[in-house]
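Asker: can you look at this prediction? I've put the sequence above it.
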Amino acid sequence: MDILTSPNNEKVKLVAKLLSSPKERKYSGKYVVEGMRMVEEIPDNLLGEMYFTQDYYDKKVVNNEKLLRLVNIAAAKNKCYIVTEPVLRRITDTETPQGILATVMIKEKTVDDLLGDGTENPLILIIERLQDPGNMGTIIRSAEGAGVTGILVSYDSVDIYSPKVIRSTMGSIFRKNVAVTYDLFGDINRLRSNGIVIYGMHLSGSSMYETDLTGPVAFLIGNEGRGLTENISAAADKLIRIPMKGSLESLNAASSATVISYEAMRQRENRVSIDIAEMF
């Protein structure tokens, strides 16, 4: 393994650019993940380069079967590097770096990937103009827990491969189909033409508890402060809302996406239970 000692090394400068620049991530076709938990979950076929300090290797990597396997994969391609502390500080986005990071190859998805995974009963989130990286990461993470089958994100949202988004997903980014679209309106119509009912989350909508969410559905989630644009709201088959108590009008985007996804999961599981009970 090569040892990188200079923060001005070209490889080091590239990783630093990947952390700070969406354009560089798109141009290079890769992004950065940090920390043992995230690195462990990188799919073998998407692993780029690995970087870690000698101390981290001696204390953590040698005793971790998952990390050792990834190190061997990267080393076989001459893409494994030991870095000094000054270099580590240049290529990390966290205040207290753990001592390990890696680049991951971007495997771009499209709406066809959301439709073509063989899922008989799609449950899709459609995100428009979301700007907060923590919200985006939380949506991707909670989507996995709620059984969401795919996420469609408008191009003018926060970059889904930014360090803060990636960190907030806690590894779900590797397991969920997330597609970025430059034609949100067209892709909404494409989903509809494939039998998916489009619901817009809107304050003027009907209660989600009065809506049957057991079939193929997609939920439109808008910007944190302004919600959905008028054009995209109009593209929905129906507007629905999360009922509120007290003086609240709405939840933030991540909370709304989580609540509606879990309500869909609840209805679907109840429907399955009822169908099974009726068989006996």
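Answerer: Received it, and whenever you're ready, just let me know what you need. Residues are numbered from 1 along each chain as shown.
Asker: going forward, measure contacts between C-alpha atoms and count neighbours the same way
Answerer: OK.
Asker: give the contact list for the closest residue to residue 122 other than its chain neighbours.
Answerer: Once flanking residues are discounted, residue 122 sits nearest to residue 216: 4.8 Å by C-alpha to C-alpha, 6 or more residues apart in numbering. Applying C-alpha atoms under 8 Å, 6 or more residues apart in numbering, we find residue 216 in contact with 120-123, 195-197.
Asker: how about 10 Å then?
Answerer: Residue 216 makes contacts with 119-124, 191-192, 194-198, as judged by C-alpha atoms under 10 Å, 6 or more residues apart in numbering.
Asker: which of these fall within helices?
Answerer: Assigned to helices by DSSP state H, the following of the contacts of residue 216 qualify: 191-192.
Asker: okay, the contacts of residue 216 in CSV with pLDDT, neighbour count and distance to residue 48 next?
Answerer: Shown next, in CSV, are these (pLDDT from 0 to 100; neighbours: other C-alpha atoms under 10 Å; distance: C-alpha to C-alpha, whole Å):
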residue, pLDDT, neighbour count, distance to residue 48
119, 65, 12, 30
120, 77, 10, 34
121, 92, 14, 34
122, 94, 23, 31
123, 96, 26, 31
124, 97, 27, 29
191, 96, 21, 33
192, 97, 18, 37
194, 94, 10, 36
195, 95, 13, 38
196, 96, 21, 36
197, 98, 21, 38
198, 98, 24, 37
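Asker: which of the contacts of residue 216 lies closest to residue 98?
Answerer: residue 124 (34.5 Å; C-alpha to C-alpha).
Asker: hmm, residue 191 and the closest one touching each other?
Answerer: Yes. Contact status for residue 124 versus residue 191: in contact at 9.4 Å, counting by C-alpha atoms under 10 Å.
Asker: which neighbours do the two have in common?
Answerer: Here residue 124 and residue 191 share the contacting residues 114-115, 197-198, 216-218, scored by C-alpha under 10 Å, 6+ apart.
Asker: what is the lowest-pLDDT residue among those residues?
Answerer: Least confident entry in the shared contacts of residue 124 and residue 191, by pLDDT: residue 115, with 89.
Asker: wait, doesn't that one sit right on residue 149?
Answerer: Yes. Residue 115 lies in contact with residue 149 (C-alpha under 10 Å); the separation is 9.1 Å.
Asker: hey, what's in contact with both of these two?
Answerer: Common contacts of residue 115 and residue 149 (C-alpha under 10 Å, 6+ apart): 122, 124.
Asker: the nearest residue to residue 20 once chain neighbours are set aside and residue 33, how far apart?
Answerer: In space, and not counting its chain neighbours, residue 20 is closest to residue 162: 7.8 Å by C-alpha to C-alpha, 6+ apart. Here the criterion is C-alpha to C-alpha, to the nearest Å. By it, residue 162 lies 9 Å from residue 33.
Asker: so where is the stretch 1-150 of the chain shaky, pLDDT-wise?
Answerer: Confidence mapping of the stretch 1-150 of the chain against pLDDT under 70 gives the ranges 117-119.
Asker: so what does the biggest helix by length in the chain touch, helix or strand wise?
Answerer: Counting by DSSP H, the longest helix found in the chain is helix 253-278. Here helix 253-278 touches strand 123-127, helix 133-145, strand 197-207, strand 217-221, strand 238-241, going by 3 or more C-alpha pairs under 10 Å, 6 or more residues apart in numbering; DSSP states H and E.
Asker: would you mind finding the most buried of those?
Answerer: strand 123-127 (a mean of 26; mean count of other C-alpha atoms under 10 Å).
Asker: parallel or antiparallel, which strands does it pair with?
Answerer: Partners of strand 123-127 in the sheet, by DSSP bridges, are strand 150-154 (parallel), strand 217-221 (parallel).
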